[in-house]
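J.: sequence and computational prediction follow.
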Amino acid sequence: MESFFSLLQRNVVDRRGWTTREELRIAIVTWIERTYHRRRRQAALGRPTPVEFETVMTAPALQAA
């Protein structure tokens, strides 16, 4: 958990000054959805990135339909 907040601090919060809390909130959510969740690997799933895992899981679901 500490590494997540360290990455968040370095990649979003400390990048520039924020005018409002809402502006910072949007930047944090955007960073999590566009960068962090797409690159972070899940050991319990065999170490694929979330995008790779979704690609693998989507193909069988489409074939079943």
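T.: Here it is on my side, so go on.

J.: Glu23 and Val13, how far apart?
T.: Noted for Glu23: a distance of 12 Å to Val13, by Cβ to Cβ, to the nearest Å. Where you see a C-beta, it was placed from the backbone N, CA and C, and this is true even at glycine.

J.: who has more neighbours out of the two?
T.: Neighbour tally, Glu23 and Val13, criterion other Cβ atoms under 10 Å: the higher count belongs to Val13, 14 against 11.

J.: now do the contacts for that one.
T.: Going by Cβ atoms under 8 Å, 6 or more residues apart in numbering, Val13 touches 24, 28.

J.: the same query, at a cut-off of 10 Å, please.
T.: 5, 24, 27-28, 31 (Cβ atoms under 10 Å, 6 or more residues apart in numbering).

J.: same deal with Arg10?
T.: Contacts of Arg10 by Cβ under 10 Å, 6+ apart: none found.

J.: that'll do, ta.
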